[in-house]
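Chemist: please work out how this folds:
(one chain, ligands or ions: 2)
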Amino acid sequence: MARVVLGLIGFGTVGSGVVQLLSHQKSLNLKKIAVLDSNKERAVKTVCPVTTNVNEIIEDPEIEIVIEAMGGEHPALEYIRGALERRKHVVTANKEVLAKYGPELFALARQKGVAIFFEASVAGGIPLISTMNKGLEANEIAAVTGILNGTTNFILSSMESKGESYDAALKQAQQLGFAEADPTNDVDGHDVAYKLSILSALAYERFIKPQDIFREGIRNVTAQDMAHAKEFGYRIKLIGTSRLAKDVTSGDSACDVRVHPMLVPLDHPLANVSGSSNGILVNGHAVGEILMVGPGAGSLPTASAVVGDTINLASALQLPDFATYFQPNIRSEWGNVVSVGSWSCPFFLRILVSDTAGVIGQIGTILGAHKISLASIVQKGVQKDEHGASAEIIIMTQSTKEQTLRDAIAEMQKCSFFKSMESLFRVFEAPV
Ligand code: NAP
Ligand code: HSE
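Modeler: Ligands and ions are numbered 1, 2, ... in the order given. Modelled structure (predicted):
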C-alpha cells in the first residue's frame, strides 16, 4: 500500500497520543503538525516539523488526511471546512464542531467526495461510533443512553467513595488532569449534549442543536444526596439519553434528548461504571440492548480512536467509492426534540417542610390529586434554625410525567408548610 500523507492540527493531550501511535504505522506518513505555540516543551518527541501556520497543512496538496485534534469551535470549524473544501479527508475528535455544524460539514464532505471520521468525538477509546454506524446497521435504534463524560463520572465516583464535597472532588480531578481549569463544558453537561447530538445523527440520521437539548449538570449534587440515594439502593450518575419519540403536536418523529444527573439502581451495570470510564447502552430492535464500557477520555485511549480512524480511512482510499460507504446517512436538516415535560420516570425529591402534624398527609393528598403514585415517603430528621423547626422529607414517586410532577410541586410550594426544595432527581429506568 502506498504511504498516505497526513497533517495533524493540535499536539496536546490527544495529539501527543496520536503522534505516539502513528510512529508504529509504516503506511502512514505524518508530514507536519500545527500548534499554537511552537516553543512549548512537548511530552512526546517527534522528528516531524512543527508549525504555527495551519495553512501549511490544509493547503499542502500532498496531504490527503487532516487530523484535527485542537478542539474548540473557532478556528477549528474553519480549518475543518478548509480541509474539506480542498478535498482532504478529515479525522476529528471535536464533538463541539460536529454537534454545532454537523449537517453543513457532512453535506460539504459529500459534495466534495471526501469523508469525515469521528470515532474519538464520543466516548474516547470505546468504538461506539463504528459500532453504531456499521455494526448495528441492520437495526432501528430506539435509544442511546449512558455515562458519556469521564470527568464528571470521576467527580461523582470520588464524592461517593470518599464522601468528598463537589469542590474537593473537582479540585482532585483538575490536579490529575481529567478536568480542565475551566470545567464548565464537562460539569454543566455541554460536553454530553454535544455527544448526544452526534449519537442522534447516527441513530436517527439527524443532528440535534445543542441548545435544544435539556441540560442539567452536577454542580448541585451533594454528598448528602449521594448518601440518601445509596440508602434507597441507588447511585447518582450524570446520564445522557437520546431516544426516539413522537412530537405530540405534529405527530412527526422527534427525539427526547437530555442530560441530567439520575439515580441509577445499584444493581444496574451503569451504576458500576466508575472513575473516568464511560458506559453506553444502545437499544436496537434486532439486537436488543448492548452495553459498551471503557475509557472515555485520556491521551492514548482517545488516540486509539483517532489513529484507528486514520488507518481505516487510509485503507479505504484504495477502494472505489469509499467515502460514501463510510459516511453515515445524515440528513442536512436538524432534528426536533420533544418537550422535557413529556418524559416519564420515577422521581426522588428531598424537601424541607415545617415540622408540624399532618404535613406528610397533605403532601400525599396533593400528589394523589395529580394521580402521582408514591413509592415511599420518609421523614429523615428535624433541623432547627432561626425560622423554627424544619423536617427533611424524602419522597420517591412511581413513574409519572415530568410536567405532572412539576404541577404538583408548584401546588406544594404554595402551601404554608413548604419551606424549600433541596433536591430533585430523575430515577433511571431501562429504556423501553
Ligand atoms: P489540548 O490538550 O488543549 O490540546 C490542544 C492542542 O491544539 C494544543 O497542542 C494546542 O497548541 C493546539 N491548538 C490550539 N489552538 C490552536 C490553533 N488555533 N492553531 C493550531 N493549534 C492549536 O486538547 P485535547 O485534550 O488534546 O483535546 C483536543 C480535542 O480532542 C478536543 O476537541 C477534545 O474535545 C477532544 N477530545 C479530548 C479528549 C481528552 O481526553 N483530552 C477525549 C476525547 C476527545 P499548543 O500545544 O501550542 O497550545
Ligand atoms: N472532557 C471529556 C470527558 C473528554 O471528560 O469525558 C472526552 O470527550
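Chemist: number of nearby residues for Leu8?
Modeler: 30 (other C-beta atoms under 10 Å). All C-beta spots, glycine's among them, are computed from the backbone N, C-alpha and C.
Chemist: just confirm it is within a strand.
Modeler: Yes. With DSSP: H, G, I helix; E, B strand; the rest coil as the criterion, Leu8 is assigned to a strand.
Chemist: need the contact list for it.
Modeler: Residues in contact with Leu8, defined by C-beta atoms under 8 Å, 6 or more residues apart in numbering, are Gly15, Val18, Val19, Leu30, Lys32, Ile33, Ala34, Ile57, Val66, Ile67, Ala69.
Chemist: most neighbours, which of those residues?
Modeler: Ile67 (33 neighbours).
Chemist: near ligand 1, which residues of the stretch 301-432 of the chain?
Modeler: Counting by C-beta under 6 Å from any ligand atom, the residues of the stretch 301-432 of the chain close to ligand 1 are Thr302.
Chemist: can you name the residue of the stretch 301-432 of the chain nearest ligand 2?
Modeler: Thr302 (6.8 Å; C-beta to the nearest ligand atom).
Chemist: does that residue touch Gly125 like I think?
Modeler: Yes. Counting by C-beta atoms under 8 Å, Thr302 does reach Gly125; the two are 6.3 Å apart.
Chemist: those two - which one has more neighbours?
Modeler: In this view Thr302 and Gly125 are compared by other C-beta under 10 Å, and Thr302 has more residues nearby, 26 against 23.
Chemist: what about the stretch 101-250 of the chain, any weak spots by pLDDT?
Modeler: Scanning the stretch 101-250 of the chain for pLDDT under 70 picks out 247-250.
Chemist: show me what from it comes close to ligand 1.
Modeler: Ala120, Gly124.
Chemist: around ligand 2, pick out the residues from the stretch 251-400 of the chain.
Modeler: Counting by C-beta under 6 Å from any ligand atom, the stretch 251-400 of the chain sits next to ligand 2 at Gly296, Ala297.
Chemist: just the closest residue of the stretch 251-400 of the chain to ligand 1, please.
Modeler: Ala297 (3.4 Å).
Chemist: repeat that for the chain.
Modeler: For the chain, C-beta to the nearest ligand atom, closest residue to ligand 1: Gly12, 1.9 Å.
Chemist: residues touching that residue, list them.
Modeler: Per C-beta under 8 Å, 6+ apart, neighbours of Gly12: Ala69, Met70, Gly71.
Chemist: can you tell me how far it is from Ala69?
Modeler: 7 Å (C-beta to C-beta, to the nearest Å).
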